[in-house]
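>>> Pasting a predicted model and its sequence here:
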Amino acid sequence: EACQCSSNFTTYMDTITKSLHYCLFSLVLFLAVRPVMAQEVTKCATTQVLDAYELQFPGTKEDVKQTALENRAWIKDNPGSTRTVITIPVVVHVIYKTASQNISDEQIKSQIDVLNEDFSLSNPDTSKIPEAFRSLVANSEIQFCLAAYDPDGDSTSGIVRTQTDISLFTTGDSMKFTNKGGDDAWPPKHYLNIWTCNLGAGVLGYATLPQSNSGNSNTDGVVILYRAFGRQGTVVYPYNEGRTCTHEVGHWLGLSHIWGDDNGTCSGSDDIADTPNQADSNFGCPVFPVTDACSPLEPGVMFMNYMDYTDDRCMYMFTKGQIDVMTATLNGTRKSIKTSPAGCQGVYFVNDASVSKVLYAEDTVNYLSFKPQVLLANRGSASLTSAEVYYQVDGQDPYLYYFTGNIPTGKSQPIIFDQLYYTSEGDHLSLIHI
């Protein structure tokens, strides 16, 4: 019996050893195929960047505060206002030194998809929202698209790629300037500028908060670490589902961190009535409910809110109060983006032309006529070989300019009209249509 027992024990140990070898192999394989962000991260540097702006441009914080007050006033004056879908044109500036930093179009488009899901409450993980908070969520009616036209009116992919000599960028905004190794912003009054690059100091991203001069600022926009942008390609767990950008765009639209950045005193606030008071940021993936000194009773804090610091897989909601603030921003300091001429990728017809800009109009002082020169752009998917362009001045009968030629998709060509005449001095209105 002793021999039989020993034999059984040996067999049992062999089985355990094989199982352990299998488990170890599985663990090694799992770690090999799932990159992990090993460095300690600063999830968001927006507050620190705001501090730096204040030192460089005193009064910045007061301007941001005043804009927030204006948002609250708008919300008060527009209670329960009906929202219509607002689509924000995006330009993504890819700043890269290495091949991996030059992220693919597919990775960029995956981030746009995440933004559209998260801001429309169509993200698959809404099912995880605790019952206690379900009545607080809604569709923001805010959407995003890669811009179809650049500031000159020419067709674009909405993606600008810039090779740089900079190995590691700081939060000092160098990536936003061509002469500093980055790429200049497109006009913020018409575009949401997003820069992806290799950010240092463990920073995942940061954003500029709305203020009175947002539409004219050459630093306005969002910056994201290339390894935390989108949900495919170079992204690294646990910031591999695109929520860093959702968080930062929330800032760009006027939202504060959900805990009010008060270092646990419970005296600060994000000024949103339907987000619970919270002592500090949450990290990792907490299990509901989580209570703290500021919200000691259940349901506790809203750690799954996009404006907290939890892992991407554990944040999945904005509240109605937060949506009100973002809507107010888009009807206040960022309202010009609602009438942006940037258009959206994917909105094309086979035959689609436009007069994208006036290039030149001869000096008309002391003259009763002029010859305008304009840029004819092909926005269609087929080559533009002919077009009828009507033009007029001061409500007179329109003239016809008949274009023939060959303008490829996404290209433009200058055209010069015949003389236009008017009958008196002063200001005049010319209309051009195709």
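Yes, it's here.
>>> Let me see the contact set for Pro130.
By CB atoms under 8 Å, 6 or more residues apart in numbering, the residues touching Pro130 are 288-289, 299, 304. To be clear about C-beta, it is placed using only N, CA and C from the backbone, and glycine gets the same treatment.
>>> between these, which is closest to Val203?
Met304 (22.6 Å; CB to CB).
>>> Which pLDDT value goes with the closest one?
What the model reports as pLDDT for Met304 is 98.
>>> That one contacts Thr126, correct?
No. Judged on CB atoms under 8 Å, Met304 makes no contact with Thr126 at a distance of 10.1 Å.
>>> Looking at these two, which one has more neighbours?
Taking other CB atoms under 10 Å, Met304 and Thr126 do not tie; Met304 has more neighbours (21 against 14).
>>> Just read off the phi/psi values of the more buried one.
Dihedral angles phi and psi of Met304 (degrees, to the nearest 10) take the values phi -90, psi 10.
>>> just Ile323 next, same as before
Backbone torsions for Ile323, taken as degrees, to the nearest 10, come to phi -60, psi -40.
>>> just the one 10 residues further on next, same as before
Here the main-chain torsion angles of Thr333 (degrees, to the nearest 10) amount to phi -70, psi -20.
>>> so where's the protein uncertain?
1-40, 347-349, 356-368, 370, 381, 410, 419-431, 433 (pLDDT under 70).
>>> mind listing the helices in it by residue range?
For the chain, applying DSSP state H gives helices covering 2-33, 46-56, 60-77, 105-120, 243-252, 320-330.
>>> how long is stretch 77-84 from one end to the other?
Length of stretch 77-84, first residue to last, CA to CA, to the nearest Å: 17 Å.
>>> Distance from the chain centre to it, please.
24 Å (CA atoms, centre = their mean, to the nearest Å).
>>> could you measure the residue lying closest to Glu106 once chain neighbours are set aside against Ala387, distance?
Excluding its sequence neighbours, the residue lying closest to Glu106 (CB to CB, 6 or more residues apart in numbering) is Gln232, at 6.4 Å. Distance of Gln232 to Ala387, given as CB to CB, to the nearest Å: 40 Å.
>>> Between these two, tell me which one has more neighbours.
Ala387 (19 against 15).
>>> right, and that one touches Leu376 too?
Yes. Using CB under 8 Å, Ala387 is in contact with Leu376, at 6.8 Å.
>>> where do the contact lists of Met304 and Thr126 overlap?
Residues touching both Met304 and Thr126 by CB under 8 Å, 6+ apart: 316-317.
>>> residues contacting Glu298?
Going by CB under 8 Å, 6+ apart, Glu298 touches 132, 289, 291.
>>> Now do the strands in the protein.
86-96, 142-146, 159-163, 192-197, 205-207, 222-225, 353-361, 369-370, 372-378, 384-393, 399-407, 412-416, 420-421, 430-433 (DSSP state E).
>>> For the longest one, buried residues please.
Translated: strand 86-96. 86-96 (16 or more other CB atoms under 10 Å).
>>> now, which of those sits nearest Thr156?
Nearest to Thr156 among the buried residues of strand 86-96, counting by CB to CB, is Val91 at 7.7 Å.
>>> Tell me what the closest one is bridged to.
Beta-bridge pairing for Val91 (DSSP bridges): Asn193.
>>> repeat for the one 4 residues further on
The bridge-partner assignment for Ile95, based on DSSP bridges, gives Thr162.
>>> Contact partners for it?
Each residue near Ile95 by CB under 8 Å, 6+ apart is listed here: 101, 162, 164, 166, 169, 175, 181-183, 195-197.
>>> let's see it at 10 Å
Counting by CB atoms under 10 Å, 6 or more residues apart in numbering, Ile95 makes contact with 101-102, 160-164, 166, 169, 174-176, 181-183, 195-198, 223, 226.
>>> Please save the CA atoms from stretch 188-202 in PDB.
Below are the C-alpha coordinates for stretch 188-202, written out as PDB (Å, rounded to 0.1, in the frame of the first residue of the first chain):
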ATOM      1  CA  PRO A 188      -9.400  76.900 -33.200                       C
ATOM      2  CA  LYS A 189     -12.600  78.800 -33.900                       C
ATOM      3  CA  HIS A 190     -13.300  76.200 -36.700                       C
ATOM      4  CA  TYR A 191     -11.400  73.100 -35.600                       C
ATOM      5  CA  LEU A 192     -10.700  70.900 -32.500                       C
ATOM      6  CA  ASN A 193      -6.900  70.500 -32.700                       C
ATOM      7  CA  ILE A 194      -5.600  67.300 -31.300                       C
ATOM      8  CA  TRP A 195      -1.900  66.600 -31.100                       C
ATOM      9  CA  THR A 196      -0.500  63.100 -30.600                       C
ATOM     10  CA  CYS A 197       3.200  62.700 -29.700                       C
ATOM     11  CA  ASN A 198       5.600  61.100 -27.300                       C
ATOM     12  CA  LEU A 199       4.800  62.900 -24.000                       C
ATOM     13  CA  GLY A 200       7.300  62.600 -21.100                       C
ATOM     14  CA  ALA A 201       7.000  62.500 -17.300                       C
ATOM     15  CA  GLY A 202       4.300  59.800 -17.500                       C
END
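>>> If anything else comes up later, I'll come back, but that's it for now.
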